[in-house]
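*Asks:* using only what follows, build the 3D model:
(4 chains)
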Protein chains: 2
Amino acid sequence: MKIGELSRRTRVPTRMLRYYEEQGLLSSERLANGYRDYPEGAVDQVELVRGLISSGLPTRLISTMLGMEGVEGEELARTCSRNLAESLADELDTLESKIACLTRSRDTVRGFLARTRHAEVIGDARLVLGEVPS
Amino acid sequence: MKIGELSRRTRVPTRMLRYYEEQGLLSSERLANGYRDYPEGAVDQVELVRGLISSGLPTRLISTMLGMEGVEGEELARTCSRNLAESLADELDTLESKIACLTRSRDTVRGFLARTRHAEVIGDARLVLGEVPS
DNA sequence: CTAAACTTTGACATCAATGTGAAGGTCAAG
DNA sequence: CTTGACCTTCACATTGATGTCAAAGTTTAG
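*Replies:* Next comes the predicted model:
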């Protein structure tokens, strides 16, 4: 598939798709005319990358991890250096604490909303908007 | 406490403490000479803010959330307008999806690490570093 | 009193993630 | 062939979170 379709399907601007490729987070073949050509799996790949980036992982790490996909079993143990494994383990810890932090914040906001007596907006209440005149 | 001490205790550069204040994420009194004066609780506040920022929350959102703390009981219902409640509910959604995203990323990294057979670094294994000669 | 260690504000630099637009090649429809 | 919707690269602008530096006032140690 060409970049426009990938962009529509992932809702990620083409600008960003080219950027991710530049950063080694996404790859593509080229058609005879120079257009990028993506395999079906690119959709998932883009979604994965987006998730990792928005989780604050350094792109350098992401690209390293991704660069190893497909490498399996024994290969992997040899390819994945101790150092890389350690940085990833660090990231894992960081992710855990971010999750904990956000979870606390979520509970704070949730608790606050509950106490506001406007609790009815919690959930999918935005759908109901306009049904309740001020 | 003055900015230098807060900086030492939180290991956040003074530059950033002033920036957070500018962004409405932190507040301070002023001493007679114009120096910032922080209450004890500022330490926790800074740590909270750091956590939220590093989780990728927009500072605008953080400042709204923070602006609510301390408002209680009857005050709340009056203070918290319908609109504000709605935007907080939106933020709640944002938090939820952020958490989901981080969780997926954590699982991705964890899964990758597991497959590397360097799995022993997962957890608190960094403590053990050096015990395992290469 | 002086020097060192704070503090203040303000300006400018950087980096990553994006937006935006120019200038041009490709392709399908009319 | 022309028009419009794609695609290409290149490049500059912007925003948020930071680093860094300068000029100047304050406070503390000697």
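
*Asks:* neighbours around A:Asp37, how many?
*Replies:* As a burial measure, A:Asp37 scores 14 neighbours (other Cβ atoms under 10 Å in any protein chain shown). Quick note: C-beta positions are derived from backbone N, CA and C, even for glycine.

*Asks:* that one and DNA strand C: what is the separation?
*Replies:* Plainly put, A:Asp37 is 12 Å away from DNA strand C if you go by Cβ to the nearest atom of the strand, to the nearest Å.

*Asks:* would you mind measuring from the residue nearest to that residue when sequence neighbours are not counted to A:Val12?
*Replies:* What sits nearest to A:Asp37 in space, not counting adjacent residues and going by Cβ to Cβ, 6 or more residues apart in numbering or on different chains, is A:Glu29, at 4.5 Å. Taking Cβ to Cβ, to the nearest Å as the measure, A:Glu29 falls 19 Å from A:Val12.

*Asks:* so which of these two has more stuff around it?
*Replies:* Between A:Glu29 and A:Val12, counted using other Cβ under 10 Å, the more crowded position is A:Val12 (19 against 9).

*Asks:* phi first, then psi, for the nearest residue in space to the more buried one that is not next to it in sequence.
*Replies:* Among residues not flanking A:Val12 along the chain, A:Val46 sits closest, at 5.8 Å (Cβ to Cβ, 6+ apart). Main-chain dihedrals, A:Val46, degrees, to the nearest 10: phi -60, psi -40.

*Asks:* same check on A:Asp37?
*Replies:* phi -130, psi 120.

*Asks:* list the contacts for it?
*Replies:* Shown in contact with A:Asp37 (Cβ atoms under 8 Å, 6 or more residues apart in numbering or on different chains): A:1-2, A:28-31.

*Asks:* so for it, what's the pLDDT?
*Replies:* Predicted confidence (pLDDT) for A:Asp37: 97.

*Asks:* how much space between it and A:Gly4?
*Replies:* 12 Å.

*Asks:* who are the packing partners of the host helix or strand of A:Ala85?
*Replies:* Following DSSP states H and E, one finds A:Ala85 within helix A:82-115. If you count contacts as 3 or more Cβ pairs under 8 Å, 6 or more residues apart in numbering or on different chains; DSSP states H and E, helix A:82-115 packs onto helix A:59-67, helix B:42-54, helix B:59-68, helix B:73-79, helix B:82-115.

*Asks:* try 7 Å
*Replies:* helix A:59-67, helix B:42-54, helix B:59-68, helix B:82-115 (3 or more Cβ pairs under 7 Å, 6 or more residues apart in numbering or on different chains; DSSP states H and E).

*Asks:* compare those helices and give me the one nearest B:Tyr19.
*Replies:* When the helices and strands packed on helix A:82-115 are compared by Cβ to Cβ, helix B:59-68 sits nearest B:Tyr19, at 9.3 Å.
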